[in-house]
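# Give me coordinates for this.
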Amino acid sequence: MRNAWVICRKELGSYFVSPVAYVLLLLFGLIFGYFFWTAIEFYVVEGVEMQMRGQMFPMNVNEQIIRPLLSNTSVIGLFMIPLITMRLFAEEKRTGTIELLATSPVRDFEIITGKWLAAVIMYGSLLLFTALNFAFLFRYGNPDWKPLLVGYLGVLLQAGALLAIGTFISTLTRNQIIAGAATFAVCLLLYVSGWVSSFESATWAKVLAYISVATHTESFMRGVIDSKDAIFYLTVIFLGLFLTARSLESLRWRS
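The predicted structure follows:
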């Protein structure tokens, strides 16, 4: 795993040497900051209106602020994940360095793991901006931290699965724009495929609902770790990295 960590550090360096990381951090921070501000504003206004009506129902910060914001985070990730993964192998193929990787003594597993870990860490750095916003809730409120951590775990597992798919797609082309667009299309389809279950109960609809990454995030957003949902994400991660290995192996044979 030492070689995988070396590759991971190299990929992280390439993110932060170029403007890519800073643009992603800025965009993610601005978008989530807007969502956070509107959620707080709605929460405060609703509380004032309830007091004026004489209603004293308890308001739950986790349910009314944290849970919707974490769901919004996974939606924002649909746009950020293609930008993170599109260059992983496509850039190597464009510059011709993929041949050096394919013929190097480093194992394919180490190359793939290193690049995927770098993408996960890059996405994790984006999530730090959400943590800074949530820190204000703990400073001025009293939310439950356990559901928040479980929600973060669900968001990270979902991102890891989609990043693995994006890593595989990046091996199929040398054009970063094509890799990014294809990754976004696949991620979006995997996110909305569960919508069909709201008006269709056939077997094919249930299958589409099951493969939806959004469906398996719901339990995490409620603060519950469901083993079947965790296994689903781990399976998608394994499948994405396995397909990446097969694609990289075919490149090694052609080199």
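
# ok, the residue lying closest to residue 28 once chain neighbours are set aside to residue 107 distance?
In this structure, residue 28 finds its nearest non-sequential neighbour in residue 126, 4.5 Å apart by CB to CB, 6 or more residues apart in numbering. No exception for glycine: its C-beta is placed from N, CA and C like everyone else's. From residue 126 across to residue 107, the span is 29 Å (CB to CB, to the nearest Å).

# Over to residue 153?
Using CB to CB, residue 153 is found at 29 Å from residue 107.

# So which bits of the helix or strand harbouring residue 116 are buried?
Assigned by DSSP states H and E, residue 116 falls within helix 108-140. For helix 108-140, a neighbour-count test (16 or more other CB atoms under 10 Å) marks 108, 110-120, 122-123, 125-127, 129-130, 133-134, 137 as buried.

# what packs against it?
If you count contacts as 3 or more CB pairs under 8 Å, 6 or more residues apart in numbering; DSSP states H and E, helix 108-140 packs onto helix 2-17, helix 20-52, helix 67-85, helix 145-170, helix 227-254.

# Take those and lay them out in JSON lines including distance to residue 220, mean pLDDT and mean neighbour count.
Below are the helices and strands packed on helix 108-140 laid out as JSON lines (distance: least, CB to CB, whole Å; pLDDT from 0 to 100; neighbours: other CB atoms under 10 Å):
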{"stretch": "helix 2-17", "distance to residue 220": "25", "mean pLDDT": "83", "mean neighbour count": "15"}
{"stretch": "helix 20-52", "distance to residue 220": "18", "mean pLDDT": "81", "mean neighbour count": "14"}
{"stretch": "helix 67-85", "distance to residue 220": "8", "mean pLDDT": "88", "mean neighbour count": "21"}
{"stretch": "helix 145-170", "distance to residue 220": "2", "mean pLDDT": "91", "mean neighbour count": "23"}
{"stretch": "helix 227-254", "distance to residue 220": "7", "mean pLDDT": "86", "mean neighbour count": "16"}
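
# Format those helices as JSON lines; extra columns: distance to residue 195.
Formatted as JSON lines, the helices and strands packed on helix 108-140 follow (distance: least, CB to CB, whole Å):
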{"stretch": "helix 2-17", "distance to residue 195": "33"}
{"stretch": "helix 20-52", "distance to residue 195": "21"}
{"stretch": "helix 67-85", "distance to residue 195": "13"}
{"stretch": "helix 145-170", "distance to residue 195": "16"}
{"stretch": "helix 227-254", "distance to residue 195": "18"}
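
# Give me the residue at the spatial middle of the protein.
Taking CA atoms, centre = their mean, the centroid of the chain lies closest to residue 159, which sits 2.3 Å from it.

# Enumerate every residue touching that residue.
By CB atoms under 8 Å, 6 or more residues apart in numbering, the contact set of residue 159 is 74, 77, 81, 120, 123.

# which pair in the residues you listed spans the largest distance?
Maximum pairwise distance in the contacts of residue 159, criterion CB to CB, is 14.7 Å, between 74 and 120.

# now the helix holding residue 116 and helix 20-52, what's the angle there?
Put simply, helix 108-140 runs at 30 degrees to helix 20-52, going by axes from the mean of the first three to the mean of the last three CA atoms, to 10 degrees.

# between helix 108-140 and helix 2-17, how many degrees?
For helix 108-140 against helix 2-17, the angle by the same axes, to 10 degrees is 60 degrees.

# No further questions, thank you.
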